[in-house]
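Peer 1: what shape does this take:
(chains A and B, ligands or ions: 2)
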Amino acid sequence: MSKTPKIALIGNPNAGKSSLFNSLTGLNQKTGNFPGVTMEKLTGIWELEPKRPVEILDLPGIYSIYPKSIDEELVINILGDPKHPDFPDMAIVVADASNLKRNLLLFSQVRDLGIPTVLALNMIDVAESEGYVINSIKLARELNVEVAEVNAKKGIGLNGLKLSVIKTLQNRFASNDALPLPVSDEVIQEVQANFGEAEIYRSLLWLMEHDHMKMFDKKQRETFDAIKSKHHFSSKKYQSEETVKRYEQITEVVDRCVINLNRQWDAVPVRTWTDRLDKFFLHPVGGYVFFLAILFVMFQAVFTWATYPMDLIDGGVAALNDWLKGVLPDSALTALLTDGLIAGIGGVLIFIPQIAFLFLFISLLEETGYMSRVMFIMDKLMRRFGLNGKSVVPLISGVACAVPAIMSTRSIGSWKDRLITILVTPLMSCSARLPIYTVLIALVVPEKNTLFGLFNLQGVALFGLYLLGFFMALVSAWVMKIILQAKEKSYFIMELPTYKGPRFKHVAMTIFNSVNAFVFEAGKIIVAISIVLWVLASYGPGDEIAQSEAQIRLENPTLQGVGLQNKISADKLEHSYAGHFGHFVEPAIRPLGYDWKIGIALITSFAAREVFVGTMSTIYSMGGEVDDENATIKNRMRAEINPATGKPMYDAALGFSLLIFYAFAMQCMSTLATTYRETKSWKYPLIQFSYMTALAYLSAFAVYQWLS
Amino acid sequence: MANLADLKIGEKGEIVGFTDELLSLKLLEMGCLPGTEVILTHLAPFGDPIAIRVSGSYTLSMRREEAETMLIKRT
Ligand SMILES: Nc1nc2c(ncn2[C@@H]2O[C@H](COP(=O)(O)OP(=O)(O)OP(=O)(O)O)[C@@H](O)[C@H]2O)c(=O)[nH]1
Ligand SMILES: [Mg+2]
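Peer 2: Numbers count the residues shown, from 1 in each chain, chains lettered A, B, ... in the order given. Ligands and ions are numbered 1, 2, ... in the order given. The predicted structure is shown next:
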């Protein structure tokens, strides 16, 4: 064989496909204990034998080959179209052995499509603990396929799977040419006459699902519809009868191959751990209390516990800068390196502890299976606001980053619910806002304990900002629900998985990868913008900068030394290109309490809000006092004086106005691009950008006017 | 005739049919076939959504209005 064979992992949601993918390829695809984690295909290489690699394709989970949501459509577009670049040479159907019947429905459909198939019985450990004994040799004979028992989570049974795959790749696969339910020969003949020879079941799939398949154009769809109406063929009726029929056959097979020890003697079901935990987590009152408590602990961790490592990093970066300033010649380049680059990178590094905590909590919620309980208890509430219980996942993961959060909306079946979720998710405070919040809160909220000494006031303020984002998301969703009209009904039929212990290695990897991505992705942007900004802030149009220095000396003949230097550097910044930009936007942001320096930061953080802190530190280091060596960005901002009042610039009014602005403003190109990709239209990113910016501007205006 | 939403926590029923074709397709493929035994196991706050155990093998949640489309016989 010359070309690398392609093997697709197919299976029900939450059956363990991505876990198996990780075990086979050594990659680190995201897994989680709730249906609908994987939303995109991902390929990796599995070394089947020495020098014999195969390509493994991980896909979203499906319950049948008749898709009910967008993530499911992706799979059918691949499996249904032999000309698709990802069409697999064979499939591994990953089945949850503790729920075999339901998983075999999909298996039988994939096999009937004529795709060579291996059945991997996953979650063998769970099945055993629930009392199932599976005779997989008999099952293999009855189904006429290779069967392998595996534990994808622990990577057990992979050699057996290897063997099954090798055998299946070697043998010619006997495809099943009978339909589960007969249809008139003429229907199939007409489809094949128009669209070419294919397995009968595939022809039938085309006839039923052509609307969801990208391989057909409008004209072909009309042909399909004509065939359907000519023969009075009803897809829904066929689908429903087919499902019943397949289950009948499967039940017979399973009854011969599987026994359940727990159910042999009496009908009293065994109370599992999941039942016991659910008594508590799904309790009408206790369930909410627990959920709120979890969120609160999460924010206390992010703000209080994380401060110790943060102070260490902060001190380290400041010390490094001091040292560099001491050993390097005093030049513009040194200033760029220390005040621009290192301060900018330090501004990223310092948030590692907080981001690590955030991802720790989110991945624990996802790994244990608690996330789907949150969807369950929140559905009713969310529905009032035009959302859906499933919107909880994007909203919670939006606290980390809106980009994957928006992608995770694909499992929401109803388009309207999904669209509203996409539009409001960026209002959740993402991790890129955290640096801004932290710096500004430290400036305007006193650091003391409150509420009986239990809570840190700054922590409470941070929690408040996250809550504010959440409430604003709900309110916006509610408004959109009224504006957007859709007749389509949404539904919430969802499996609640059993609780599973988190794998600490996996949690650790998730944290590591997220921190890594944050540092390098955000770091790249911050470094690039810091350099550009430094150039823009050092040079100005014509000889304005040179003139301004002369002017200052002329106007202040008595001033000398440090005082003179300060005045000159402040004036230089004002006359640089950056200063001009800042002054240009100043009239628009004056009502919010911002001056031209903040204007520069607003401009630079337009594309990505994480550069705010870096920009501030560059600006204040260039235009600020010369003598404040080793000053952190916090201290520099604290020392800033409002020229109009003579009081500190960053008072409560300005601080809160900025906080609110950054909480609501849409300043993230990647999110807009993701919205475009997920909605396939520029209209929605545009709406998203406009409404969020308007919301930010008006709220910041109101806050500033009220507090000042 | 009774539907799934009529059950109280802990009560059992047997599925006899559906009143909504589209929803029935989804429910069927998830293993809710006529003749299957279901037990109501949990109610979310305000009684909606609900969670049922399907033929003793897994837990399925759905909204009350969706449960109303599933006709059952109390057992
Ligand atoms: N006990 C046990 N748990 C497993 C096994 N395989 C996977 N899991 C867990 O089952 C959950 C689901 O695994 P995933 O690999 O994310 O499932 P998936 O099929 O990719 O799910 P979707 O992407 O949502 O379709 C995770 O919490 C895994 O840790 C297994 O063999 N035994
Ligand atoms: Mg997956």
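Peer 1: where does the stretch 201-350 of chain A dip in pLDDT?
Peer 2: Scanning the stretch 201-350 of chain A with the threshold set as pLDDT under 70 gives A:263-271, A:303.
Peer 1: for the longest helix seen in chain B, buried residues please.
Peer 2: Longest helix in chain B, counting residues (DSSP state H): helix B:21-29. In terms of neighbour count (16 or more other Cβ atoms under 10 Å in any protein chain shown), helix B:21-29 has its buried residues at B:23-29. C-beta here means a position set from N, CA and C on the backbone, and glycine is covered the same way.
Peer 1: tell me the contacts of A:L395?
Peer 2: A:405, A:421, A:424-425, A:428, A:470, A:473 (Cβ atoms under 8 Å, 6 or more residues apart in numbering or on different chains).
Peer 1: so which one among those has the lowest pLDDT?
Peer 2: pLDDT across these is at its lowest for A:A405, which sits at 88.
Peer 1: secondary structure element for it?
Peer 2: helix A:402-407 (DSSP states H and E).
Peer 1: enumerate the residues of chain A near chain B.
Peer 2: Contacts of chain A with chain B, taken as Cβ under 8 Å from any Cβ of the partner chain, map to A:63-64, A:66, A:68, A:98-99, A:101-102, A:105, A:236, A:239-240, A:243-244, A:247, A:263, A:269, A:274-275, A:278, A:282, A:284-285, A:287-288, A:372, A:376-377, A:379-380, A:389, A:491-496.
Peer 1: and the helix holding A:A405, does that touch ligand 2?
Peer 2: No - judged by Cβ under 5 Å from the ion, helix A:402-407 and ligand 2 are separated, with a smallest distance of 12.9 Å.
Peer 1: for A:P587, give its distance to chain B.
Peer 2: 50 Å (Cβ to the nearest Cβ, to the nearest Å).
Peer 1: neighbours around that residue, how many?
Peer 2: 10 (other Cβ atoms under 10 Å in any protein chain shown).
Peer 1: how much space between A:D255 and A:L163?
Peer 2: 28 Å (Cβ to Cβ, to the nearest Å).
Peer 1: the closest residue to A:F281 other than its chain neighbours: which element?
Peer 2: Leaving aside its sequence neighbours, A:F281 sits nearest to A:R373 (Cβ to Cβ, 6 or more residues apart in numbering or on different chains; 4.9 Å). Assigned by DSSP H and E, A:R373 belongs to helix A:370-384.
Peer 1: near ligand 1, which residues of chain A are found?
Peer 2: A:11, A:13-19, A:31-33, A:35-38, A:60-61, A:122-123, A:125-126, A:151-153, A:367, A:500 (Cβ under 6 Å from any ligand atom).
Peer 1: give me the longest helix you can find in chain A.
Peer 2: helix A:457-483.
Peer 1: could I get the buried residue list for that helix?
Peer 2: A:458-463, A:465-466, A:468-470, A:472-474, A:476-477, A:480-481.
Peer 1: could you pull out the strands for the stretch 151-300 of chain A?
Peer 2: A:258-260 (DSSP state E, counting those that start in this stretch).
Peer 1: swap in chain B?
Peer 2: B:12-18, B:37-43, B:50-54, B:58-62, B:70-74 (DSSP state E).
Peer 1: need those in a markdown table (columns: mean neighbour count and mean pLDDT).
Peer 2: Formatted as a markdown table, the strands of chain B follow (neighbours: other Cβ atoms under 10 Å in any protein chain shown; pLDDT from 0 to 100):
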| stretch | mean neighbour count | mean pLDDT |
| --- | --- | --- |
| strand B:12-18 | 17 | 94 |
| strand B:37-43 | 20 | 93 |
| strand B:50-54 | 22 | 94 |
| strand B:58-62 | 22 | 94 |
| strand B:70-74 | 18 | 93 |
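Peer 1: out of those strands, flag the one nearest A:E640.
Peer 2: Distance to A:E640, taken as Cβ to Cβ, is lowest for strand B:58-62 among the strands of chain B, at 53.5 Å.
Peer 1: centre of the chain versus the closest one, how much separation?
Peer 2: Its chain's C-alpha centre lies 8 Å from the corresponding centre of strand B:58-62 when counted by Cα atoms, centre = their mean, to the nearest Å.
Peer 1: okay, A:D255 and A:L163: which has more neighbours?
Peer 2: Neighbour count, other Cβ under 10 Å: between A:D255 and A:L163, A:L163 has more, with 14 against 10.
Peer 1: tell me the predicted confidence for the more buried one.
Peer 2: So A:L163 comes in at 94 (pLDDT).
Peer 1: just the buried residues of the helix holding A:A405, please?
Peer 2: A:402-403, A:405-407.
Peer 1: so what touches the very next helix or strand once past that helix?
Peer 2: Note on helix A:402-407: by DSSP H and E, the next helix or strand toward the C-terminus is helix A:415-424. For helix A:415-424, the surrounding residues in contact (Cβ under 8 Å, 6+ apart) are A:386-388, A:390-391, A:394-395, A:406, A:409-410, A:412, A:473-474, A:476-477, A:480-481, A:484, A:486, A:488, A:490, A:675, A:678-679, A:684, A:687-688, A:691.
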